[in-house]
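**Q** Structural data only, the sequence is not supplied:
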């Protein structure tokens, strides 16, 4: 969707970054110049900037993801591409994965009280899932 109308109430939005008085063709030319500059630059490998702990955590998470879908006879790569395409089946499988992941996050933990250990769900907040 291309915006063809200017914001009518932009004077009431002081924090909005307003484009200068340049024309569309000038903005397109600047955009093309940036694109050309980035296209010829050497692409640096993300691996060079990623912490080893982050790499290990990503590998662990992908292992959980792949194992879950392979155990359920579903191709994990099909889920990824399906999510990109907005396919209902992939979205449903993804919801199922997260639901099962939360429900099965029960671990035995040490507690103070008459029982030494108690089964508790480790994932109990949405931020834990968002961190994945």
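**A** Cool, got the structure. Source: prediction; values computed, not measured.

**Q** any weak-confidence spans in the protein?
**A** By pLDDT under 70, the weakly predicted segments of the chain are 1-21, 42-43, 125-132.

**Q** Show me the strands in it, by range?
**A** 106-110, 117-121 (DSSP state E).

**Q** could those go into a markdown table alongside mean neighbour count?
**A** For every residue, glycine as well, the C-beta is placed using N, CA and C. Below are these laid out as a markdown table (neighbours: other CB atoms under 10 Å):
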| stretch | mean neighbour count |
| --- | --- |
| strand 106-110 | 10 |
| strand 117-121 | 10 |
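
**Q** out of these, nearest to residue 67?
**A** strand 106-110 (17.7 Å; CB to CB).

**Q** Any idea how many residues pack against the closest residue to residue 83 other than its chain neighbours?
**A** Leaving aside its sequence neighbours, residue 83 sits nearest to residue 90 (CB to CB, 6 or more residues apart in numbering; 4.9 Å). Residue 90 has 18 neighbours, counted by other CB atoms under 10 Å.
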